[in-house]
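Chemist: Sequence plus the predicted model coming up.
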Amino acid sequence: MGLAFESTDLDEIQEFLSVGYTAMRLRARCQERYQYRLIRNPLGPISLDFADAGFDVDYLVNPPGSLCLAGVESGTIPYLETEGMRDSYGPGEVFLVAQPDRPFATRSCRTRYSYTVLEPALLSQVAATAPGRTDAPVRLTGYRPISPSAGQQLLRTITFLRDQVIPAPTIRDAPLITSTAPQLLAAAVLATFPNTALIDPTIEDRHDAHPATLRRAMAFIDDHAHRDISVADVAAAVHVTIRALQYAFRRHRGTTPMGYLRQVRLHHAHQELLASDPTTGATVTEIAARWGFFHPGRFAHYYRHTYGHPPARTLLRRAC
């Protein structure tokens, strides 16, 4: 569990939020008990927070400096205004609060909501071209999801990371989790909101997507699977764009760079399961987390598909 804050003092609430996020001013809509609760859950370059404002309050907020997403669980956001645009949100909706470099004003009415913060550079790490081959960082171009179903999928991803990954020290504290979980979140955000990332490979990308590129990329992944690497790192190592890299893997191997990285890490997890002794306290969950698998059920699915039986059978075979 992360940092918990609770207060009934409006000035104290304003100070805490200004220090924790960005400078802002709060104004209550009526004289009542200012009940406010916030739980912050940082995980590397992201934070999966939850807030419960039990009163009606206006916020006037400086540019946040990060990408901030809100998902309303109950209550309403009757207005949110930024860049001259005004909108409102209700339960079950997720939205981009503001661009990192833009101020915003909003009102919440007895609202319980998730507040997800991520570094803008994560979007470029997941979807942009390699360093030196891109004109500008990837940006979101809309405040609402491209569809209600995309928004719901993003909310499920946020809820899973917040409620299942962060509270489990065995998973949360594994070094690779601090890279794979933020990358998963960034990919989900890009799949949810309109953005400037170019998806289709250009003519130059297709030219670069030859077998030699694939071989160099696979060798880099094989040698660095135990490290915190992203698709942008692989593309930079072989001097092509991310689109060219993705096209090379899709064309010559029928997978993606991250799909191949998952296969390599799955192999290492398998080898560790074979070498481990369950009587010493080794567990499938810990070994999976060490190799970047923070969803035990999904790890078991990948493992069973590849090796024909559950990972626990591999670990426990020496105890039988």
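Modeler: Received it, and whenever you're ready, just let me know what you need.

Chemist: a strand runs through residue 73, doesn't it?
Modeler: Yes. Counting by DSSP: H, G, I helix; E, B strand; the rest coil, residue 73 is part of a strand.

Chemist: Would you mind measuring from the residue lying closest to it once chain neighbours are set aside to residue 91?
Modeler: Nearest residue to residue 73, sequence neighbours excluded (Cβ to Cβ, 6 or more residues apart in numbering): residue 112, at 4.4 Å. C-beta: built from backbone N, CA, C; applies to glycine. Distance of residue 112 to residue 91, given as Cβ to Cβ, to the nearest Å: 9 Å.

Chemist: Which one's more surrounded, these two?
Modeler: residue 112 (17 against 13; other Cβ atoms under 10 Å).

Chemist: quick one on the thing from earlier: run through the bridge partners of the residue nearest to residue 73.
Modeler: Going by DSSP bridges, residue 112 is paired in beta bridges with residue 52, residue 74.

Chemist: wait, what's in contact with it?
Modeler: Shown in contact with residue 112 (Cβ atoms under 8 Å, 6 or more residues apart in numbering): 50-53, 72-75.

Chemist: rewinding a little: shared neighbours, residue 112 and residue 91?
Modeler: In contact with both residue 112 and residue 91: 72-75, using Cβ under 8 Å, 6+ apart.

Chemist: Let me have the contacts of residue 112 in a markdown table, extended by pLDDT and distance to residue 160.
Modeler: A markdown table is the format used below for the contacts of residue 112 (pLDDT from 0 to 100; distance: Cβ to Cβ, whole Å):
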| residue | pLDDT | distance to residue 160 |
| --- | --- | --- |
| 50 | 96 | 14 |
| 51 | 96 | 19 |
| 52 | 96 | 20 |
| 53 | 94 | 24 |
| 72 | 97 | 18 |
| 73 | 96 | 15 |
| 74 | 96 | 20 |
| 75 | 96 | 23 |
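
Chemist: ok, so of these, who is nearest residue 83?
Modeler: Nearest to residue 83 out of these is residue 72 (Cβ to Cβ; 20.7 Å).
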